[in-house]
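Colleague: Need coordinates for the following:
(chains A and B)
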Amino acid sequence: MSLTLGRNAGRTTGGGRSRGTNRGTNGGLRRRPRKALAWQIGLYALLIGLALVYVYPFLVQLATSVKTEADAAADPVSLVPDPLTWSAYARLFLRSDFPVWFANSAIVTVLVTAGRVFFDSLAGYALARLHFRGRGVIFAALVAVMAVPTVVLLIPKFLVINQLGIYDSYAGMVLPLLVDAAGVFIMKNFFESIPASVEEQARIDGAGTFRIFWSVVLPMARPALVTIVILSFQGSWNELSHFIVAAQSPDLTTLTKGVASLASGQLSQGSQYPIKLAAAAIMTIPVAVVFFVFQRRIMNTSEGAVKE
Amino acid sequence: MSLLATPRDAGYRSGPDGARNGAGRGIRRGEAVAGWLFMLPVLVILGVFLLVPVLMALWVSFSDWSGRGSPLSSGVGFVGLDNYAAVTTGGGLAERDFGIALRNNAWYVLLVVPLQTALALFLAVLVNRAVLRGRGVFRTAFYFPSVTSSVAITVLWLFLFSTSGVVNTVLARVGIAGPNWFNDPSGVLHNLLGALGLRTGPDALTQHGFLGVTWWDWLAGPSVAMSAFVLMAIFTTSGTFMLLFLAGLQNIGPEVEEAAMVDGANAWQRFWRITLPQLRPTLFTVLTLGLIGCWQVFDQIYTGTQGGPGKTTLTPAYLSYQSAFLSQDWGQGAAIAFILFVIIVLLTILQRWILRERPDVPRRSRRGRPNPRPNPSGNPDRTTEADR
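Modeller: Numbering: from 1, shown residues only, chains lettered A, B, ... in the order given. Below you'll find the predicted structure:
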């Protein structure tokens, strides 16, 4: 409602303004810089304000993780710890299961990422380039699979993992995540964008399908592979619900599960915010590193993906 | 590796003359085998861990399995639609919990989807300016929350929105007494009505209800605790969607906008009449992704509130988990999961249908389309069909 009103108002004032600019181009040119400058300053102020809102919580997180609990409670807004203490980190690494959680997350993430890069690109290549009966059906099935919400799969996944006897094992935690339909999709789209002539040359030279895939096509697919690596790394490092239903042993607890249990206060008496925020901060570091290393690619890939 | 390579190598080398024919057929045949071999890992894993599980869970939702032994063993009985009935018409606690969870999530969706979309679009338009300095820095700042895990963000949020936390401290500095965020079960709309003096609803609303929840309680709005989750969702997802909008914005050629500028349309008009209609495909994507994501709230609830306070942050996804894994009521848990699935599918279809229909409605005003200049008789809806 108000949008419509605003638009109508804009329309009427715009009418007047347009006549003005059409009439005197010179006057417009002289007036524009000062007005543009004001706009520019306003824009930057707005952007900086917004950016602060987005970044400040993470600064608070870092600052609080090196505060004492009393300091964190007394002055939560301050970014300067008084006094500075590393006790939260010491507690996490020396007197808790945190290192085990971290190791488990690392193991699962590496395996899942490796698996997805390999299997997704194999399947993506098959769907993009190889002619075989049933390809259309498989493709349609993949689209359907992507539409299934993951939360709906919690109970189903547990049932099958339990039935197969891989509950409470790395197999149960890793195998179901080893492949993702969206990744197959990304790879398929990428392979379709590569000209087929290169492969034909290799084929004439007598290379087999896997050889062509492995030594000719895959090296060309590096940008798409990086996308898969980023998405899988982020996805499996941040995964929570699957690990809840796949294992319960403390030895198999991942960071997400462990930190979630910290949040509901299983390790501590009182609020213990410095410890919780230290745990959350450490958990954020690996994905943040991947993000900053591949930043340009992340921003550009998603742009390129839609552009096609 | 070599297994796949050998037949074709052999075929090619068998003779210079028949080689082309033989190799041609060999390639075809080899391709079919290779195609299936290449697909095999994906098919097996998705089959075993997606298709089979869904079928098993479907069976469990029609059974009285108690969580002991295998759900496929002979001792498990078929109970028909009992589990579905218990959560939708049972009249008991299960129905009420499901109603509450649906209400909570519906309000969550109603707030998060439009707000995150609007904010993401706003950020994208701001950051997309060619003359902007440091736009990489701003993009990074806005996108960063999207890469962190929901668990870590929830932990941070619990601190920011604690009773004497950052948010309330900041609010206090400007003279506002902040609420008890994650411990406050009162509904935001009820609070607003209460401030106007309306503390109990009319009988028409309090005597009747749906899914064990009175209409008055359906209209409670999100609880204060849920509102904190709403803010969190907007904070974490707006960056992702900003990237999608940026991609869309960069696809728009400058010609139309320049033409509009020459015609004298101001920035506000250009945004509503030129930019937004061209962003329509991206807008569809963002709304659909947002809708699907918002009905699956689980991690935040599991980490932060476990459905409390007063069940006001209970969501169907968490309720499904709770019924099955904590209360050992597997049939009901599975039934809730499937109802949720149906809700998500139906709403997605509905949304696509609504957004697809609209371009055809104001057909009569299309003649004025290429002219972005003020049009006194202009139907405000006519902007939406400019992308056709």
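Colleague: Every contact and neighbour count from this point should use C-alpha atoms.
Modeller: OK.
Colleague: For chain B, give me its nearest residue in chain A.
Modeller: The nearest approach of chain A to chain B comes at residue A:208, 3.8 Å away (C-alpha to the nearest C-alpha).
Colleague: Could you tell me how many residues sit around that residue?
Modeller: For residue A:208, the neighbour count with other C-alpha atoms under 10 Å in any protein chain shown is 25.
Colleague: same thing with the one 5 residues further on?
Modeller: As a burial measure, residue A:213 scores 18 neighbours (other C-alpha under 10 Å).
Colleague: Look up how far residue A:124 lies from the residue of chain A closest to chain B.
Modeller: 17 Å (C-alpha to C-alpha, to the nearest Å).
Colleague: mind checking how far the nearest residue to residue B:39 once chain neighbours are set aside is from residue A:138?
Modeller: Spatially, and ignoring its direct neighbours in sequence, residue B:39 is nearest to residue A:123 (4.7 Å; C-alpha to C-alpha, 6 or more residues apart in numbering or on different chains). For residue A:123, the distance to residue A:138 equals 10 Å [C-alpha to C-alpha].
Colleague: Looking at these two, which is more packed in?
Modeller: residue A:123 (27 against 14).
Colleague: isn't the more buried one right next to residue B:38, touching?
Modeller: Yes - the criterion here is C-alpha atoms under 8 Å, and residue A:123 meets it with residue B:38 at 5.4 Å.
Colleague: The most centrally placed residue in chain A is in what secondary structure piece?
Modeller: Nearest to the geometric centre of chain A sits residue A:234, at 4.7 Å (C-alpha atoms, centre = their mean). Element membership of residue A:234, judged by DSSP states H and E, is helix A:222-238.
Colleague: which residues are contacting that helix?
Modeller: A:105-106, A:108-110, A:112-114, A:116-117, A:121, A:177, A:183, A:186-187, A:190, A:256, A:287, A:290-291, A:294, A:297-298, A:301, B:147-151 (C-alpha atoms under 8 Å, 6 or more residues apart in numbering or on different chains).
Colleague: please redo it, this time with the cut-off set to 6 Å
Modeller: Residues from elsewhere that reach helix A:222-238, judged by C-alpha atoms under 6 Å, 6 or more residues apart in numbering or on different chains: A:109, A:113, B:149.
Colleague: Run a quick neighbour tally on the second one.
Modeller: For residue A:113, the tally of surrounding residues (other C-alpha under 10 Å) stands at 24.
Colleague: One more: the first one?
Modeller: Applying other C-alpha under 10 Å, we find 23 other residues in the vicinity of residue A:109.
Colleague: for the chain, longest helix please?
Modeller: The chain I'm using is chain A. helix A:25-65 (DSSP state H).
Colleague: meant chain B actually
Modeller: Looking across chain B with DSSP H, the single longest helix is helix B:93-127.
Colleague: So which elements touch that one?
Modeller: Applying 3 or more C-alpha pairs under 6 Å, 6 or more residues apart in numbering or on different chains; DSSP states H and E, one finds that helix B:93-127 contacts helix B:82-88, helix B:224-251.
Colleague: out of those, nearest to residue A:53?
Modeller: helix B:224-251 (9.2 Å; C-alpha to C-alpha).
Colleague: centre of the chain versus that closest one, how much separation?
Modeller: The chain centre lies 11 Å from the centre of helix B:224-251; the measure is C-alpha atoms, centre = their mean, to the nearest Å.
Colleague: so, in contact with chain A or not, it?
Modeller: Yes - interface with chain A: helix B:224-251 contributes residue B:247 (C-alpha under 6 Å from any C-alpha of the partner chain).
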